[in-house]
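Engineer: turn this into a structure:
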Amino acid sequence: MTPSDDAPALAVFAPNSLPAQASPDLALQARYQSLRAASLALAAPLSPEDQQVQSMPDASPVKWHLAHVTWFFETFLLKPWLPDYEVFDPNYVYLFNSYYEAVGARHPRPARGLLTRPSLAGVLAYRAHVDAGMCRLLGAPLGRGVRDLVTLGLAHEEQHQELILTDILNLFAASPLKPAYDAGRRQPSAGGTGGFVDLPGGIVRVGAGDQDFAFDNETPLHEVLLRPYRLADRLVTNREWQAFMEDGGYRRHEFWLSDAWARVQAEGWEAPLYWERHDDGWWAMTLAGLAPVEADAPVTHVSFFEAAAFAAWVGKRLPTEAEWEHAAAARPGAFAQMFGEVWQWTASAYTPHPGFAPASGAVGEYNAKFMVGQMVLKGAARATPAGHSRPSYRNFFYPHQRWMFAGLRLASDAPAAEGSEAFQFDVLTGLAAARRRLPAKWFYDAAGSALFERICAEPEYYPTRQETALLASIAPELAACIPAGATLVELGSGASVKTRLLLDAAPQLAAYAPVDISETAVAAAAAAIARDYPALRVSPVVADFTRTWGAVGRTDGLVGFFPGSTIGNFTPDDAVELMRGVHERLGPGGLFIVGIDLAKDEATLTAAYNDAAGVTAAFNLNILARINRELGGDFDLTGFAHRAVWNRMEGRVEMHLESLRPQTVTVARSHFSFVRGETIHTESSYKHTLEGFEALAQRAGWRVARSWTSAAPAVAVVLLTPA
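Structural biologist: Residues are numbered from 1 along each chain as shown. Okay, the predicted model is just below:
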């Protein structure tokens, strides 16, 4: 299917390039007759009036579809290949051409509904005339190129069979009578568990290979590098979409792309196309008529704009075309509803595959010239003829269109691998970047964690001192908000010093789950807590808490604890994403206690990251020492200096490692050259206002239930509850 209303071309197109076959192709004859009869069967329930009307410029009358596919066989097969063929009507070249510039001018697409002549009877006579000619052509020995053209014409007609159903639904939905095309027609159904399937990524092959038939836009077979990812095992359901609507999804601009939000406002979108609000709930127009929305069926008739907004709302994303195709080919049994329910939007623009070359001649026009401004859909719909689609198939529509049978399947990045592999990946990609960087999470090996504990004791570093005093004073108030039997989940736990203030004030806690990327740090903290609080169930988790935690307790009794103003190490957008992920993992009844450093004068801020004893400098340089220890690096630590500066424009303190001379460093057999004064950005610490932080929390689905502020230098602790 294409948003135009016509078909892509064959991957390889060379009419009569091979010798003729010895005898007629009986299988091809039978398929031609069966498929042409199927088109008439689709039109049979419709009156001549039904088949005449064009409901909108994107749709076409059924009568036009029946004539156009017939025009294809006459134009590209009978006229050039059947001797003595007599054209049925020369005017049809103009009336029923779609977009083939090489064939000549055509009737304007938005005015196809004005073609009252020829009548439906005339179109059916045209089909019979062409079918008789095709019977003669197929009854003779054919060259390979002609057989390929027939195959292309049949695939083209299958696409228009789906368009007949797509367009008649749009027409009937506009009628106040809401007629049913087929009252007994089965609608898309539920499937899958709602979980995600992990896929390893790597270098994978996608595109059309050596199958019998493929459109040229599916070619060539090529390699793509995929990062590890996760793909939902089923489609998004109407129930989930209604939750999005009830949460104000169509009214909250933060989920929508700019063009999408403009479209929502201009056209007043508030639900998928064909949905109607009745006194007893939502109903939707289907080919079986108007019916209540089936909660567990896949949502249908949504645009790319809507699909992307829903994915943003739920904290996921749409899969790329290559991810979807690789999953469908590599793990077909792991996914429900890949084919035969609804077409599925991807995040990929409709552009040529590497090495793509359009077919020669007029039939090559349909793909190359449409490869801009549209998005790819994969799979197949219930209206798609059986056997028409395949993993490499590329459907494409404009991002605002939604009258076709389109839904979505969610994806996400896979949880980051822990340990040396992930460390090496982050180091190599960070050092290779135009502005060199190293993620701050890698500060905290055993040596780094010990150095950070020393930093917290330095007189210039006020955040720990101020937050500890504040927590000590408000611990009873916080404890009063914690339900009995809850699990305290501490993110980036380190030594868990502040945790004890909460544990002492909240004996009703049943379990403690420290989460930290440093195995030594989290193990030591967990052992100390388990020793001092023997009634508490302690379950340490070694993980990057920005990605995943695993199972830590009942989802109706989880309390997140994120002290130390560590939230300031994340950009505002990343902080929102982190808090959104925490919201998802803590569940609908979760609480989240967050420590934040408040904005204040520059002198106080920069002094906190430039202590006179040089402990922060040693902490910063330790990441280079860790690279040397674990990745075989050869950093000369005397060749780099710690720098901490206040970035007023971004509202953050930045830590850098500055190269003191020109030098080349080797890490894991990769070489990196530095000039004098060039820096590696190792950490940012954003300083918030209470109002600004509350706005970030609201974007992530939280609200600030309580907040407490210390004396100067001011820090704050906030209690977040689900919005």
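Engineer: so what's P200 scoring on pLDDT?
Structural biologist: As predicted, P200 sits at a pLDDT of 80.
Engineer: my guess is it meets R230, correct?
Structural biologist: No: the pair P200 and R230 does not pass the contact test of CB atoms under 8 Å, sitting 10.8 Å apart. (C-beta placed from N, C-alpha, C; glycine too.)
Engineer: neighbour-wise, which of those two wins?
Structural biologist: R230 (20 against 11; other CB atoms under 10 Å).
Engineer: need the three-state assignment for G692.
Structural biologist: Under DSSP: H, G, I helix; E, B strand; the rest coil, G692 falls in the helix class.
Engineer: give the full set of residues in contact with V204.
Structural biologist: The contact partners of V204, by CB atoms under 8 Å, 6 or more residues apart in numbering, come to E223, V224, L226, A322, H326, A330.
Engineer: what helix or strand is the first one on?
Structural biologist: Assigned by DSSP states H and E, E223 belongs to strand 222-226.
Engineer: all strands of the stretch 551-700 of the chain, in order?
Structural biologist: 558-562, 591-597, 640-647, 652-659, 663-667, 670-674, 679-686 (DSSP state E, counting those that start in this stretch).
Engineer: list the buried residues of the fourth one.
Structural biologist: Right, the one you point to is strand 652-659. R652, V653, E654, M655, H656, L657, S659 (16 or more other CB atoms under 10 Å).
Engineer: contacts only, for the residue most central in space within the chain.
Structural biologist: Closest residue to the average C-alpha location of the chain: L318 at 1.7 Å, with CA atoms, centre = their mean. When contacts are counted by CB under 8 Å, 6+ apart, L318 touches A307, A308, A311, W345, T346, A347, L408, R409, L410, A411.
Engineer: how close does the second one sit to R317?
Structural biologist: What it means is A308. Distance of A308 to R317, computed by CB to CB, to the nearest Å: 8 Å.
Engineer: how about D597?
Structural biologist: 31 Å.
Engineer: counting neighbours, go ahead and name the busier of those two.
Structural biologist: Each of D597 and R317 has its neighbours counted (other CB under 10 Å); D597 has more, 25 against 16.
Engineer: show me the beta-bridge partners of that one.
Structural biologist: Note on D597: beta-bridge partners by DSSP bridges are V715.
Engineer: re earlier: between the contacts of L318, which sits nearest H681?
Structural biologist: A347 (28.6 Å; CB to CB).
Engineer: show me what the helix or strand harbouring the closest one packs onto, helices and strands only.
Structural biologist: Assigned by DSSP H and E, A347 belongs to strand 343-349. With contacts taken as 3 or more CB pairs under 8 Å, 6 or more residues apart in numbering; DSSP states H and E, strand 343-349 sits against helix 304-313, helix 321-330, strand 375-379, strand 406-407.
Engineer: ok, back up a step: skipping its backbone neighbours, what lies nearest the residue nearest to the centre of the chain in space?
Structural biologist: A347 (4.2 Å; CB to CB, 6 or more residues apart in numbering).
Engineer: equivalent analysis for E157, please.
Structural biologist: Nearest to E157 is V69, by CB to CB, 6+ apart, at 4.3 Å.
Engineer: next: W283.
Structural biologist: Nearest to W283 is E276, by CB to CB, 6+ apart, at 5.0 Å.
Engineer: for that neighbour, grab phi and psi.
Structural biologist: phi -130, psi 140 (degrees, to the nearest 10).
Engineer: distance of P90 relative to Q508?
Structural biologist: 88 Å.
Engineer: ok now the helix or strand bottoming out on mean pLDDT in the chain, how far from the chain's centre?
Structural biologist: None of the helices or strands of the chain scores lower by mean pLDDT, DSSP states H and E than helix 365-368, at a mean of 71. Taking the mean of its C-alpha atoms, helix 365-368 sits 27 Å from the chain's own mean (CA atoms, centre = their mean, to the nearest Å).
Engineer: and it, C-alpha only, in CSV?
Structural biologist: The C-alpha trace of helix 365-368 is given here as CSV (Å, rounded to 0.1, in the frame of the first residue of the first chain):
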residue,chain,number,x,y,z
GLU,A,365,8.2,5.9,-11.0
TYR,A,366,6.1,5.0,-8.0
ASN,A,367,8.7,4.5,-5.3
ALA,A,368,11.7,6.7,-5.9
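Engineer: and the contacts of V204, which are buried?
Structural biologist: Buried by 16+ other CB under 10 Å: V224, L226, A322, H326, out of these.
Engineer: how many residues are close by the nearest residue to the second one once chain neighbours are set aside?
Structural biologist: Pointing back at L226 there. Counting by CB to CB, 6+ apart, the nearest residue to L226 once its immediate chain neighbours are dropped is G201, at 3.8 Å. Other residues lying near G201 total 17 when counted by other CB under 10 Å.
Engineer: how far away is the spatially most distant residue from the centre of the chain from G133?
Structural biologist: Computed with CA atoms, centre = their mean, the residue of the chain farthest from its C-alpha average is D84, at 54.5 Å. Separation of D84 from G133 (CB to CB) stands at 10 Å.
Engineer: how about A121?
Structural biologist: 19 Å.
Engineer: A513 belongs to a helix?
Structural biologist: No: going by three-state DSSP, the assignment for A513 is strand, not a helix.
Engineer: for it, give its distance to A475.
Structural biologist: A513 is 19 Å from A475, by CB to CB.
Engineer: same thing with T499?
Structural biologist: T499 is 11 Å from A475, by CB to CB.
Engineer: with M375 instead?
Structural biologist: If you go by CB to CB, the gap between M375 and A475 works out to 52 Å.
Engineer: these two: which is more packed in?
Structural biologist: Between M375 and A475, counted using other CB under 10 Å, M375 has the larger neighbour count: 25 against 19.
Engineer: residues in contact with the residue nearest to that one when sequence neighbours are not counted?
Structural biologist: Once flanking residues are discounted, M375 sits nearest to F304: 4.7 Å by CB to CB, 6+ apart. F304 makes contacts with W345, M375, F397, P399, H400, as judged by CB under 8 Å, 6+ apart.
Engineer: out of these, who's the most crowded?
Structural biologist: W345 (30 neighbours).
Engineer: neighbours around the closest residue to that one other than its chain neighbours, how many?
Structural biologist: Distances taken as CB to CB, 6+ apart put A307 closest to W345, at 4.3 Å, once the chain neighbours are dropped. Counted by other CB under 10 Å, the residues lying close to A307 total 27.
Engineer: also the one 3 residues further on?
Structural biologist: Around F310 sit 24 other residues, with neighbours defined as other CB under 10 Å.
Engineer: nearest spatial neighbour of it, skipping sequence neighbours?
Structural biologist: Closest to F310 by CB to CB, 6+ apart is F244, at 5.3 Å.
Engineer: on that earlier part again, who wins for proximity to A613 among the helices and strands packed on strand 343-349?
Structural biologist: Taking CB to CB as the measure, the helices and strands packed on strand 343-349 were each checked against A613, and helix 304-313 came out nearest at 45.5 Å.
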